[in-house]
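K.L.:
with the input below, show me the fold.
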Amino acid sequence: MSEKTIKSILITFTSICMFFFCILPFIWMCVISFSKNPDFLSRSPAKFIFTLTNYYEIISIKSLHFIDYLKNSLIVCSLSTIIVIVIASLAAYAFSRINFPGRLIIPVMVLAFSMFPQISIVGFLFRFMTKIGIINTYPALIFPYIAWTLPFALWILLSYFIQLPHELDESGMVDGATRIQILLRIIFPVAAPGIFACAILIFISCFNEFLFAFMLTSDFRARTIPIGIVLFQGLHGEIPWGQIMAISAVSAVPLIVMTLIFQKRIISGLTAGAVKG
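P.N.:
As a prediction, the model looks like this:
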């Protein structure tokens, strides 16, 4: 057996293992969400009974507030992602194209500040937001999410913008365009795949964030999906695994849809045709 064949077999085997490692928890979640008895494997004989009751109940029972949690997550994460991408794009363009004092040290300092764990600042955030009266509101989550994800977005876009050829800027300046016009009409369209990829990562990070959402919200008016799932209980204090899995499965839909919609933009040619020969 040749070395090339062995390498191909190992890559294929590893890819299959990784695929099942990632997909099996999601499959099991869906199985439980469609099961009338979540503990069917522990019964004798084991019998799976298909039902849509769990999905119907999480939507129809108003006291569960599932729709409120989902709406809060979508609003908070969307606004946070848009603001972060705008700020990070402007900053990444400035750091990659314009020479000014602190051009190299500022990104490093931003990265250093981002290394502080969330638990070290959430107490101060709670006291501060209580004083200004925005606890349990959308701004109470949006502002921390912006500060939390901005360093990550900045470094992703900075590494991407640095790879874009400077001929793009020079050709725009020759035509009399300003820096803002170059950024909006040339750099942004060319960098669209990287920006979309960064936006998806930021959205997912905000969507799955737990600590800030747990400490800075108090009820369904601002709580997000992760908090709703953790605090979800039945009428008598039991854990309704079927409904919890149904909520988790439905909550994953926005992320899956977003990835499917933008996957072509992400994997498309990054700078193909951007510079005329």
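K.L.:
the lowest-mean-pLDDT helix or strand in the chain: how far from the chain's middle?
P.N.:
In the chain, no helix or strand scores lower on mean pLDDT, DSSP states H and E than helix 241-267, which sits at a mean of 79. The chain centre lies 11 Å from the centre of helix 241-267; the measure is Cα atoms, centre = their mean, to the nearest Å.
K.L.:
quick one: buried residues of it?
P.N.:
241-251, 254, 258, 262, 266 (16 or more other Cβ atoms under 10 Å). For the C-beta atoms, the positions are set from N, CA and C on the backbone; glycine is no exception.
K.L.:
show me what it is packed against.
P.N.:
If contacts are counted by 3 or more Cβ pairs under 8 Å, 6 or more residues apart in numbering; DSSP states H and E, helix 241-267 sits against helix 3-33, helix 53-60, helix 66-97, helix 192-208, helix 225-230.
K.L.:
what about the residue nearest in space to the middle of the chain, distance to Phe232?
P.N.:
Among the residues of the chain, the one closest to the centroid is Ile204, at 1.3 Å (Cα atoms, centre = their mean). Ile204 sits 21 Å away from Phe232, going by Cβ to Cβ, to the nearest Å.
K.L.:
one more: Tyr55?
P.N.:
14 Å.
K.L.:
now swap in Ser44 and tell me
P.N.:
According to Cβ to Cβ, Ser44 stands 29 Å off from Phe232.
K.L.:
compare those two (neighbour count), which wins?
P.N.:
For Ser44 and Phe232, the more surrounded residue by other Cβ atoms under 10 Å is Phe232, and the numbers stand at 19 against 5.
K.L.:
need the contact list for that one.
P.N.:
Shown in contact with Phe232 (Cβ atoms under 8 Å, 6 or more residues apart in numbering): Leu64, Ile239, Pro240, Gln243, Ile244, Ile247.
K.L.:
kindly recompute the last result at 10 Å.
P.N.:
Residues in contact with Phe232, defined by Cβ atoms under 10 Å, 6 or more residues apart in numbering, are Ile58, Leu64, His65, Phe66, Tyr69, Ile239, Pro240, Trp241, Gln243, Ile244, Ile247, Ser248.
K.L.:
give me the number of residues near the fourth one?
P.N.:
Which is Phe66. Residues near Phe66, counting by other Cβ under 10 Å, number 24.
K.L.:
distance of it relative to Phe232?
P.N.:
Phe66 is 9 Å from Phe232, by Cβ to Cβ.
K.L.:
which residues are common contacts for those two?
P.N.:
Ile58, Gln243, Ile247.
K.L.:
of the residues you listed, closest to Glu167?
P.N.:
Among the shared contacts of Phe66 and Phe232, Ile247 lies closest to Glu167 (Cβ to Cβ), at 50.5 Å.
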